[in-house]
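K.L.:
Okay, sequence plus prediction incoming.
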Amino acid sequence: MELNEFKIKISEIKNLLFRFAKRLLGSREDAEDVVQEVFIKLWKNIGNLDEKKNFNAFAMTVTKNLCIDKLRAKRGKLIEFDEEIFQGREENLIRSIENADSMEIAKSLIDSLPLKQKMVMHLRDIEGLEYDEIADLLGFEKNDIKVTLCRARKKIKEQLMELYEYERIENR
């Protein structure tokens, strides 16, 4: 693979790798570090990249593995989450706060999922990838991806129902 071809492939996939790493790690800085490490690993193995059938799948696998390594290294430590800052007019402030709360709850619930469910849910529901693409990227069977996604969605739904039932009772 030539340098120009490498640059083109990297530019096509860098945002996907970043979003994927950020979803798994929860931190923009950690995601940037991981993606940088991915690029370095890919560059060091540029001679072998021609042998890889799917460059994107290989890059995602490297990203996933580096994220897992980083999470293992942080085990037991608090992972920082980027806080979103809201700007809006006063009349939209309450709506912004409610949306922020909902987004934070959703983010928290997704982050509480097991790693495999979190990865599959991110790739399908946020990145919009097809089941076949996810299976190729993560190295699982298509049916396994469907089952994993179904379980993840079911778990999120159950947790949301519990949460909102609790809030409904609290507000009586």
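P.N.:
Sure, I can see it.
K.L.:
hey, let's count contacts and neighbours off CA atoms from now on
P.N.:
Will do.
K.L.:
what mean pLDDT would you report for the longest helix along the chain?
P.N.:
The residue-count maximum for a helix in the chain (DSSP state H) belongs to helix 142-170. In this model, helix 142-170 carries a mean pLDDT of 82.
K.L.:
From the contact counts, what lies against that helix?
P.N.:
With contacts taken as 3 or more Cα pairs under 8 Å, 6 or more residues apart in numbering; DSSP states H and E, helix 142-170 sits against helix 90-111, helix 115-121, helix 131-138.
K.L.:
Just the CA coordinates for the strand or helix carrying Leu24, please, in CSV.
P.N.:
Applying DSSP states H and E as the criterion places Leu24 in helix 3-25. Taking C-alpha atoms only, helix 3-25 is exported to CSV below (Å, rounded to 0.1, in the frame of the first residue of the first chain):
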residue,chain,number,x,y,z
LEU,A,3,1.4,6.4,1.3
ASN,A,4,-1.3,8.3,-0.6
GLU,A,5,-3.6,5.3,-0.6
PHE,A,6,-3.0,4.9,3.2
LYS,A,7,-3.8,8.6,3.8
ILE,A,8,-7.0,8.3,1.8
LYS,A,9,-8.1,5.2,3.7
ILE,A,10,-7.3,6.8,7.0
SER,A,11,-9.2,10.0,6.2
GLU,A,12,-12.3,8.0,5.2
ILE,A,13,-12.4,6.1,8.5
LYS,A,14,-10.9,8.4,11.1
ASN,A,15,-14.3,9.9,12.3
LEU,A,16,-15.8,6.4,12.6
LEU,A,17,-12.9,5.2,14.6
PHE,A,18,-13.0,8.2,16.9
ARG,A,19,-16.8,8.0,17.6
PHE,A,20,-16.4,4.2,18.2
ALA,A,21,-13.5,4.8,20.7
LYS,A,22,-15.3,7.7,22.4
ARG,A,23,-18.4,5.6,22.9
LEU,A,24,-16.4,2.8,24.4
LEU,A,25,-14.1,4.9,26.5
